[in-house]
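Novice: generate a structure from the sequence data that follows.
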Amino acid sequence: MNKRERFAPPVVGGSSLLVIFAVLCLTVFALLSLSTVQADGRLADASVEAVTAYYRADCQAEAVLACLRSGQMPQGVTADGDGYTYTCPISDTQALEVRVRLEGDDWTVLRWQAVSTAQWEAEESLDLWSGDLAN
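Specialist: As a prediction, this is how the structure comes out:
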């Protein structure tokens, strides 16, 4: 019995391509997810720093107000009539501006606001398209 054996390799071309494509897609999605998580982490850290800096300035402003209520005049407070104004720094570009008024024995907060201290510079020129397609 001389039987000829036929060897036929399994047909896996199409399914192999699908598996490779699926693995490639999952890898790309994993890398995108990782970069999104890192960006969200940086944003959360920046938010924590900003909130911490604001509340640090808020605490300092409350301490100055407590000194004013006790009759002391802290350094950095300007008085004009029955009003008092002072500023507590939040960051390099922001400050907490406070304005209070003494009416008899009562203190009224007129302003308690975070304001920008960065220097603003207007841009003098605009780079507009003239409509010429040659340029």
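
Novice: per-residue pLDDT, K3?
Specialist: Looking at K3, its pLDDT reads 64.

Novice: do D132 as well
Specialist: 81.

Novice: give the helix, strand or coil label for it.
Specialist: coil (DSSP: H, G, I helix; E, B strand; the rest coil).

Novice: same thing with Y84?
Specialist: Assignment for Y84 (three-state DSSP): strand.

Novice: and L102, by the same measure?
Specialist: With three-state DSSP as the criterion, L102 reads strand.

Novice: so it bridges to which residues?
Specialist: When bridges are called by DSSP bridges, L102 pairs up with W107.

Novice: show me the contacts for it.
Specialist: The contact partners of L102, by CB atoms under 8 Å, 6 or more residues apart in numbering, come to L68, D82, G83, Y84. Using the backbone N, CA and C atoms, a C-beta is placed for each residue, glycine as well.

Novice: by pLDDT, rank those and give me the bottom one.
Specialist: Comparing the contacts of L102 by pLDDT, D82 comes last, at 87.

Novice: that one and D105: what is the separation?
Specialist: 12 Å (CB to CB, to the nearest Å).

Novice: neighbour-wise, which of the two wins?
Specialist: Neighbours per residue, other CB atoms under 10 Å: of D82 and D105, the larger number sits with D82, 11 against 6.
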